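*Asks:* Generate coordinates for the sequence data below:
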Amino acid sequence: MPSAFTQVFKTPDLRKKTVFTLGVIVLYRLGSHVPLPGVDYANVQRCVDEASGSGGLLGLANVFSGGALLQITLFALGILPYITASIILQLLTVVVPRLETLKKEGAAGQAKITQYTRYLTVALALVQGTGLVATARSGALFPACRTAAGIVPDTSVLTAAVMVLSVTAGTACVMWLAELITERGIGNGMSLLIFISIASTLPRALWAVKEQGEIADGWLGFGTVVLVGLVMVALVVFVEQGQRRIPVQYAKRMVGRRSYGGTATYIPLKVNQAGVVPVIFASSLLYIPALIAQFSHSDAGWAAWIMRNFVRGDHPFYVVAYFLLIVFFAFFYVAITFNAEEVAGNIRQAGGFVPGIRAGRPTAEYLGYVLNRLTWPGSLYLGLIALVPTVAFASLGGANQLTGTSILIIVSVGLETVKQINSQIEQHSYEGFLR
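*Replies:* Sure, this is the predicted structure:
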């Protein structure tokens, strides 16, 4: 590992990309601490300290923003609107024929889809920013805080409009920073910003476990969380690296005097083909009824039932619903992102075949069969990773921020970034050898 870092800074191109990426990350973290205009920062800090370790309804969004959401800063929404817009466009590509045509047009079509993603991100930021400002003004952002109603002293329409526009501009800036990292830095910008946001909340969450623990002065709970976290990291690495390789053989053919084909390769099908998307989808869907109930009349029976069963992450009803939604979205997302018929058609056009399987429709059916068998353990793994820390650490104060989703994202992004760095180092080594 030290030799790899040394090699990165010895290579001029990689050194520039690394320094650029670190610079963008510093700007992102600075923006996460700039308060919004019209916000009483002293009241915000007082409410944040009182609600320390309580994620509430906005827990996942707060983790994804690096704690900026509850601080009501310029980058309060973080990268979450961009993630949501990207996922929505990816899903619509399968449903809308126009988007499917653009996807098949190559770089030009992908540029159009990227532009649509930017527009949708700004629209989502406006909607979510309006909800955040309305929640902060009403005091519902910190329901247990006595000074929550004084977070926004000026309740005029002009102040609210300035706050919403500032949050939207901050989201657009975060989106721009993520695209800059992707184009000129190392790794995927969106994934890296999520990684930095989640990693920045972990030290405070771990220390909250120690401070609020009652057994052995908190050190026993702290050690338990660290031990379980390490076990989960090992499990995530093991599963994320696991894949089923479908062998593909290409027939040899003559074109003029040259011989092409005759090679063997494989199609890598990951055990967790859906990634962390099902967890994000399930979490977002479960937040919707709780948010609606929060702004309804408190005497409504259905609202009280939702607040009783959907706010606490360790409630049995919440746990079962969350687990079933993760499994459902895992199958749904894999079905729309991996087109077995298209893959089988591409193999057939290239003159390839899966040994023992006829080309065409039988190959598509075989790929679909293998993918379904892989998705079952992958979806169950996602459900367990997302729920085990929430249920196990329900009695520990800051551990609700140490979710399985956070561990899954950190490990996955870290593995992917290291792979990209290693591939670029090997590429430069080959170039030096060729010279």
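*Asks:* ok now do C173, which residues does it touch?
*Replies:* Residues counted as contacts of C173 (Cβ atoms under 8 Å, 6 or more residues apart in numbering) are 31, 74-75. Quick note: C-beta positions are derived from backbone N, CA and C, even for glycine.
*Asks:* Actually, L235.
*Replies:* So L235 contacts I385 (Cβ under 8 Å, 6+ apart).
*Asks:* which element is it on?
*Replies:* Using DSSP states H and E, L235 sits within helix 219-241.
*Asks:* In CSV, list the C-alpha atoms belonging to that helix.
*Replies:* Taking Å, rounded to 0.1, in the frame of the first residue of the first chain, the C-alpha atoms of helix 219-241 are listed here in CSV:
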residue,chain,number,x,y,z
TRP,A,219,-16.0,1.8,26.5
LEU,A,220,-17.8,-1.5,26.2
GLY,A,221,-20.3,-0.1,23.8
PHE,A,222,-17.6,1.7,21.9
GLY,A,223,-15.6,-1.5,21.5
THR,A,224,-18.6,-3.5,20.5
VAL,A,225,-19.5,-1.0,17.7
VAL,A,226,-15.9,-1.0,16.4
LEU,A,227,-15.7,-4.8,16.5
VAL,A,228,-19.1,-5.3,14.7
GLY,A,229,-18.1,-2.6,12.2
LEU,A,230,-14.9,-4.4,11.3
VAL,A,231,-16.7,-7.7,10.9
MET,A,232,-19.2,-6.0,8.6
VAL,A,233,-16.4,-4.4,6.6
ALA,A,234,-14.9,-7.8,6.0
LEU,A,235,-18.3,-9.2,5.0
VAL,A,236,-18.9,-6.3,2.5
VAL,A,237,-15.5,-6.7,1.0
PHE,A,238,-16.0,-10.5,0.6
VAL,A,239,-19.5,-10.1,-1.0
GLU,A,240,-18.7,-7.1,-3.2
GLN,A,241,-15.7,-8.9,-4.7
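*Asks:* now it: how far from the chain's centre is it?
*Replies:* 19 Å (Cα atoms, centre = their mean, to the nearest Å).
*Asks:* that older thread, the contacts of C173, buried ones only, as a ChimeraX selection?
*Replies:* Entered in ChimeraX, the line below selects the buried ones among those, by 16 or more other Cβ atoms under 10 Å:
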select :31,74,75
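*Asks:* picking up where we left off before, list the buried ones in the helix holding L235?
*Replies:* 221-222, 224-225, 228-229, 232, 235-236, 239-240.
*Asks:* try stretch 343-352
*Replies:* So, applying 16+ other Cβ under 10 Å, buried residues of stretch 343-352: 343-345, 347-348, 352.
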